[in-house]
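# 3D model of this:
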Amino acid sequence: MRLRSVAWGLLMFGCGGGGSAGADAEGATQLAFEPDAPPAVAAFAQAADTLLALARSASLDAAVLGDPALYSGTDSTTPTQPGVMASVYFETAGLVPALEALRDRRAGVEADAGAGSAIASRVALDFTTGFASTGPADAFGGSAWAARRIGRSLDAYLVITATLGLEERSAAGWDRAVAALFGAQGAPHALGARIAEGDAHCGSDSLEGARAELAAVRGPFADALESLGRPDALDRLTIQPGDSVEYDAAVPVIAARLDAGLIGAFVALLDAPDFDGRAQAEADAVWTALSARARALDPELDDAVTIALGQADAGSIDRAALRARVLEAFGVTCSPAS
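This is a model prediction of the structure:
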């Protein structure tokens, strides 16, 4: 019964919260999913971390990127070559179908039924062109450039999945959201780790703010679910808007913190003193995770950023102007330590 992961799963936040669920002190430092927790999202989060680690490795070359033809469409359900990005991406069970099926239905943005399929198509193209590239590795379209963009392409999947999970108002959706941010022991991973990078650069607290909101609301959320009955193994029970005023208030706040954290991660890449094609490629992928929100805030902003990051020469990008415009549109501040 997944409700126990709602009631106990966020004890790693060090906050008992309200509700009928209790906890012992030992459990207070852990995020313990129930056996029926979302293994797919946890596996995809691990794949996201592995892809980025490989993309950022000093030994990155076409062999580490991998020939997509060797791994796409195989029967393997786990990466046969965990040190090869194409193996990790194509052979993590369910990852590509889940990405292709992703629909962006978040509140406050224009619905996009093809959000995931567009990302998957771009990743497939990056693998193909990056592996075949004979030019400089970190030049636009080179193997390292392609690897970095692939390495951040799951940011969009994870932030959409996390936000939609909370907006679903079910125990299963809650678990998907947490799985996109934190590992089983409560440490940030995947989307959470990317946001933590932005927080470290900008002196912000987006991740810890989201963590605190989750901790504060899980008790009222568990109470609201239990007031409607006992959830079954398929987690079909959901609360409705108005069933928990605390939950209703928290969801948009958490979503805004996730977006602000990604803005910090995006700006951290723009601020890199050695900004090159690799940083440009990462920034371009991170922007994909932010573009729907950007269009809702400023219809011209997404086009402006996409055009700027699409330049073949990373050195020609006016990073200061781009930085200022994005921060202003999202209402985010970033003050790196000197």
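# in the sheet, who's paired with the closest residue to residue 168 other than its chain neighbours?
With C-beta to C-beta, 6 or more residues apart in numbering as the criterion, residue 168 has its nearest non-adjacent residue at 6.5 Å, and that residue is residue 238. Backbone N, C-alpha and C define where each C-beta goes, glycine included. Bridge pairing for residue 238 (DSSP bridges) gives the partners residue 170.
# Share the number of residues neighbouring residue 192, please.
Neighbour count of residue 192, defined by other C-beta atoms under 10 Å: 25.
# close enough to count as contact, it and residue 208?
No. In this structure, residue 192 is not within contact of residue 208 by C-beta atoms under 8 Å, at 10.3 Å.
# Now do the contacts for the residue nearest to residue 168.
168-170, 173 (C-beta atoms under 8 Å, 6 or more residues apart in numbering).
# now swap in residue 228 and tell me
Residue 228 touches 237, 239, 243, counting by C-beta under 8 Å, 6+ apart.
# May I ask which of those has the most neighbours?
Highest count within the contacts of residue 228 by other C-beta under 10 Å belongs to residue 239, 20 neighbours.
# mind checking the end-to-end distance for stretch 59-77?
Taking C-alpha to C-alpha, to the nearest Å, stretch 59-77 runs 26 Å from one end to the other.
# any idea how far residue 326 is from the closest residue to residue 267 other than its chain neighbours?
In space, and not counting its chain neighbours, residue 267 is closest to residue 334: 4.8 Å by C-beta to C-beta, 6+ apart. To residue 326, residue 334 is 10 Å away according to C-beta to C-beta, to the nearest Å.
# overlap in contacts of the two?
By C-beta under 8 Å, 6+ apart, residue 334 and residue 326 have these common neighbours: 263, 267.
# Identify each of the helices in the stretch 101-250 of the chain and give its residue range.
Remark: helices assigned in the stretch 101-250 of the chain by DSSP state H, counting those that start in this stretch are 115-132, 143-151, 154-168, 171-181, 191-202, 206-227, 245-270.
# For the residue nearest to residue 267, which three-state class applies?
coil (DSSP: H, G, I helix; E, B strand; the rest coil).
# my read: it touches residue 204, true?
Yes. With contact defined as C-beta under 8 Å, residue 334 reaches residue 204; the gap is 7.0 Å.
# What separation do you get for residue 172 and residue 255?
For residue 172 relative to residue 255 (C-beta to C-beta), the value is 18 Å.
# List the buried residues of stretch 78-89.
The neighbour-count check on stretch 78-89 (16 or more other C-beta atoms under 10 Å) flags 79, 81, 84-89 as buried.
# do the same with stretch 199-216
199, 201-202, 204, 206-216.
# wait, which of those residues is closest to residue 278?
Residue 278 lies nearest to residue 201 out of those, by C-beta to C-beta, at 16.6 Å.
# What residues does that closest one make contact with?
Contacts of residue 201 by C-beta under 8 Å, 6+ apart are 264-265, 267-268, 271, 334, 336.
# Widest-spaced pair of those?
So for those, where distance means C-beta to C-beta, the most widely separated pair is 265 and 336, at 12.8 Å.
# More neighbours: which of these two?
Neighbours per residue (other C-beta under 10 Å) separate residue 265 from residue 336, with residue 265 holding more: 28 against 12.
# so what's the more buried one closest to, chain neighbours aside?
residue 198 (3.5 Å).
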